[in-house]
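*Asks:* This is a predicted model, with the sequence first.
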2 protein chains.
Amino acid sequence: MHVLGIDAGGTKTVCLLADERGMIVSEGRGPGANLLAAGELGVEKVLHEVMETAIGDRAITPAAICLGIAGVDREDEARTVRAIMRRIGYKSRVLVVNDALIALVAGAQDAPGIVIIAGTGSIVYGRNAAGEAARAGGWGHMIGDEGSGYWIGREALAAVMRAADGRGPATQLGGDILAHFAVDDESRLPRIVYDRDQPRMSVAALGPIVERAAELGDAVATRI
Amino acid sequence: MHVLGIDAGGTKTVCLLADERGMIVSEGRGPGANLLAAGELGVEKVLHEVMETAIGDRAITPAAICLGIAGVDREDEARTVRAIMRRIGYKSRVLVVNDALIALVAGAQDAPGIVIIAGTGSIVYGRNAAGEAARAGGWGHMIGDEGSGYWIGREALAAVMRAADGRGPATQLGGDILAHFAVDDESRLPRIVYDRDQPRMSVAALGPIVERAAELGDAVATRI
């Protein structure tokens, strides 16, 4: 007997094939598959690819598939993803949950616990001893995801533009981010960011720059 | 002799055909054509359509075209737009400027002045008696546009999600925005917003709701 476990986040998707002892047999990797950001077709394409890669040429039908996927918070959204899995055609038992739950189970197994995720997006998810779950945040790049990589990068870029305009305090983030994108003038930053194929990921990638500037004592970076 | 004047903003584009006395002969309208948001091909399509509509069946070659376009702040960006205009094929003299400048000239003619624009995006632009210009803001939806319709709507949605999570103070914006989108539960808001063809415009459309809530004394709306 084999099972598939899939972790579909905002930036990458990992699919593991395991045997009945829980030993990992193989792995498939793909880009992000957040239902809110990638859309149904995008999610279907990524899931199909990572499962095909993990199973490869083996004559295996997984007995069960557990899919933890970002952007799935409501029963109707889980239903959408189960329909995607049916279209892909695996006749396995499929369990669809938010990606925060699989992170919690990975860390706390069945014990009560809270998981705080700050990746490309952010969410907090917890479950008590009675099995009752609660969440906060995780509402996506536009209206939530406070503390996520994207949020940190967006705050940093906004602070750099304010400093360049003379509307905000000077910050070493300006020079750091100009160097990161290899340009010499803040007014070029907006178009560089917006013109990327994946503008949100290029913004989220600024997180480590902000962290370093904060460690060096930059007041603007520290406030972010 | 005829001239064309085009105002290409984030949400709509207006093209006016005028005769040598400055009398408006006809008008063409299209969707937004912000270079940062719509991309080169999107801008080309919109500009082509509004100019064709304004000129119609008239056997007219405009002597000059002035194009004020959002997202054009640097000489290389203006060059990109002039190349678009050449591809469209009008053999007229073409002047490409930021859309904030045409708003300033419309209000202040050649006198010194400052224009503050808060539409889908936001920018402040001014020119002194010596003709020296300066700007602040206008850096687009991700990293600027403070005070714009999109920014106001985004802040409102984030506040509503925080209130629903129990992370922020209660606000009447929750009920107002649920009613606006005709849903009964905040957890449905993210997908409604992200699934729209034009998510930023649907967020910017929340501006009047925030204004009304602030007038009614809602503390969260007032702070936005």
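*Replies:* Arrived safely.

*Asks:* hang on, A:I152 packs against A:G207?
*Replies:* Yes. With contact defined as CB atoms under 8 Å, A:I152 counts as touching A:G207 (4.9 Å). C-betas here are computed from N, CA, C, even on glycine.

*Asks:* Now do the strands in chain A.
*Replies:* Listed in chain order, the strands of chain A (DSSP state E) span A:2-8, A:12-19, A:24-31, A:64-69, A:93-98, A:113-118, A:122-127, A:133-137.

*Asks:* wait, does the shortest one contact chain B?
*Replies:* Yes. When contact is scored as CB under 8 Å from any CB of the partner chain, part of strand A:133-137 falls within range of chain B: A:135-137.

*Asks:* Strand partners (parallel or antiparallel) of that strand?
*Replies:* strand A:122-127 (antiparallel) (DSSP bridges).

*Asks:* Relative to A:M1, how far out is A:C66?
*Replies:* 14 Å (CB to CB, to the nearest Å).

*Asks:* now swap in A:L47 and tell me
*Replies:* In terms of CB to CB, A:L47 sits 21 Å off from A:M1.

*Asks:* In terms of neighbours, single out the busier of those two.
*Replies:* Just comparing A:L47 and A:M1: by other CB atoms under 10 Å in any protein chain shown the higher neighbour count belongs to A:L47, 26 against 11.

*Asks:* Spit out the contact partners of the more buried one.
*Replies:* A:6, A:8, A:13, A:15, A:33, A:67, A:84-85, A:88 (CB atoms under 8 Å, 6 or more residues apart in numbering or on different chains).

*Asks:* go again using 7 Å as the cut-off
*Replies:* Contacts for A:L47 were tallied using CB atoms under 7 Å, 6 or more residues apart in numbering or on different chains; they are A:6, A:8, A:33, A:84, A:88.

*Asks:* For the longest helix along chain A, which residues meet the burial criterion?
*Replies:* In chain A, with assignment by DSSP state H, the single longest helix is helix A:35-55. Under the neighbour-count criterion of 16 or more other CB atoms under 10 Å in any protein chain shown, helix A:35-55 has A:35-38, A:43-51, A:54-55 buried.

*Asks:* For that helix, C-alpha coordinates in PDB please.
*Replies:* The C-alpha trace of helix A:35-55 is given here as PDB (Å, rounded to 0.1, in the frame of the first residue of the first chain):
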ATOM      1  CA  LEU A  35      -6.000  28.300  -4.900                       C
ATOM      2  CA  LEU A  36      -6.500  32.100  -4.400                       C
ATOM      3  CA  ALA A  37      -3.400  33.100  -6.400                       C
ATOM      4  CA  ALA A  38      -2.900  30.400  -9.000                       C
ATOM      5  CA  GLY A  39      -6.600  29.700  -9.900                       C
ATOM      6  CA  GLU A  40      -8.200  26.300 -10.500                       C
ATOM      7  CA  LEU A  41      -6.400  25.500 -13.800                       C
ATOM      8  CA  GLY A  42      -3.000  26.600 -12.300                       C
ATOM      9  CA  VAL A  43      -3.600  24.300  -9.300                       C
ATOM     10  CA  GLU A  44      -4.700  21.400 -11.500                       C
ATOM     11  CA  LYS A  45      -1.600  21.600 -13.600                       C
ATOM     12  CA  VAL A  46       0.800  21.800 -10.700                       C
ATOM     13  CA  LEU A  47      -0.900  19.000  -8.700                       C
ATOM     14  CA  HIS A  48      -1.000  16.700 -11.800                       C
ATOM     15  CA  GLU A  49       2.700  17.200 -12.500                       C
ATOM     16  CA  VAL A  50       4.000  16.700  -8.900                       C
ATOM     17  CA  MET A  51       1.900  13.500  -8.500                       C
ATOM     18  CA  GLU A  52       3.100  12.100 -11.900                       C
ATOM     19  CA  THR A  53       6.700  12.900 -10.900                       C
ATOM     20  CA  ALA A  54       6.400  11.200  -7.500                       C
ATOM     21  CA  ILE A  55       4.800   8.100  -8.800                       C
END
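
*Asks:* mind checking pLDDT for A:G107?
*Replies:* pLDDT for A:G107: 87.

*Asks:* That one against A:I114, yeah?
*Replies:* No. A:G107 lies out of contact with A:I114 (CB atoms under 7 Å); the separation is 9.5 Å.

*Asks:* The two: who's more crowded?
*Replies:* Shown here are A:G107 and A:I114; by other CB under 10 Å, A:I114 has more neighbours (15 against 11).

*Asks:* what's that one in contact with, if anything?
*Replies:* A:124, A:126.

*Asks:* Does it have any beta-bridge partners, and if so which?
*Replies:* Going by DSSP bridges, A:I114 forms beta bridges with A:G126.

*Asks:* A:P199 and A:G147: what is the separation?
*Replies:* In this view, A:P199 and A:G147 are 19 Å apart by CB to CB.

*Asks:* and what of A:T13?
*Replies:* Applying CB to CB, the value for A:T13 to A:G147 is 22 Å.

*Asks:* the more surrounded of the two?
*Replies:* A:T13 (27 against 18).

*Asks:* thinking A:I84 is in contact with A:L41, fair?
*Replies:* No. Look at A:I84 against A:L41 with CB under 7 Å: they stay out of range, at 9.0 Å.

*Asks:* how about the residues of chain A that lie near chain B?
*Replies:* A:36-37, A:73-74, A:77, A:136-137, A:139-140, A:142-144, A:154, A:157-158, A:161, A:165, A:167, A:187-188, A:190-191, A:193-194, A:199, A:203 (CB under 7 Å from any CB of the partner chain).
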